[in-house]
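Novice: Give me coordinates for this.
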Amino acid sequence: MRVAWSDQKIEDVVGNLLRAGVMTSAVVVFFGAVIYLVRHGQSLADYHTFRGEPAELRSLSGIIHNALALRGRGIIQLGLVLLIFTPVARVAFSIWGFAAEHDRMYVLFTSIVLVILLYSLFGSGSAF
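Specialist: Numbering: from 1, shown residues only. So this is what the prediction gives:
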């Protein structure tokens with residue numbers, strides 16, 4: 001039996017997808033913050049010299065490597081990456097939903113939005 005996809009059903013799934021993405025991201029960031037504070041919470045901050053993110057936390061592969069090694073900053077960065085990818089997943093699902101409804105015009109427009117999002121993440125010389 002095929003499921004009939006209506007606008008309301010797609011909106012419900014998209015809403016749940018966004019909620020799940022944000023909640024997952026928040027849990028991952030919180031977990032990373034706890035690990036970071038347990039390991040570095042007693043360290044004194046040196047505000048005289050600015051130190052940005054280390055080079056290994058500026059690429060997706062470096063972030064994943066640090067997160068798998070259970071390093072707090074890597075886990076926090078992974079949570080932020082999940083937060084960034086949540087609306088991308090929403091747009092990708094919307095394409096599928098519009099295709100299920102046979103709405104070619106919205107499939108085209110949403111595909112253009114997805115290409116622009118992916119280009120801004122991967123093709124513009126960014127860290128990902």
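
Novice: Just the endpoints, please. Distance across stretch 41-54?
Specialist: Stretch 41-54 has its terminal residues 19 Å apart, counting by CA to CA, to the nearest Å.

Novice: Need the contact partners of that stretch.
Specialist: Contacts of stretch 41-54 with the rest of the structure, by CB atoms under 8 Å, 6 or more residues apart in numbering, involve 73, 77. C-betas here are computed from N, CA, C, even on glycine.

Novice: gap between it and the chain center?
Specialist: Going by CA atoms, centre = their mean, to the nearest Å, the spacing between the C-alpha centre of stretch 41-54 and its chain's C-alpha centre is 26 Å.

Novice: and what of stretch 78-90?
Specialist: For stretch 78-90, the gap between its own C-alpha mean and the chain's C-alpha mean amounts to 1 Å (CA atoms, centre = their mean).

Novice: Please apply the same query to stretch 21-36.
Specialist: 12 Å.

Novice: Output it as CSV, nothing but the C-alphas.
Specialist: Listed next in CSV are the C-alpha coordinates belonging to stretch 21-36 (Å, rounded to 0.1, in the frame of the first residue of the first chain):
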residue,chain,number,x,y,z
GLY,A,21,18.5,17.9,13.9
VAL,A,22,18.5,20.7,16.4
MET,A,23,18.1,18.4,19.4
THR,A,24,20.8,16.0,18.2
SER,A,25,23.1,18.9,17.6
ALA,A,26,22.4,20.3,21.1
VAL,A,27,23.0,17.0,22.7
VAL,A,28,26.3,16.5,20.9
VAL,A,29,27.5,20.0,21.7
PHE,A,30,26.5,19.5,25.4
PHE,A,31,28.4,16.2,25.5
GLY,A,32,31.4,17.8,24.0
ALA,A,33,31.2,20.7,26.4
VAL,A,34,31.1,18.4,29.4
ILE,A,35,34.2,16.5,28.1
TYR,A,36,36.0,19.8,27.4
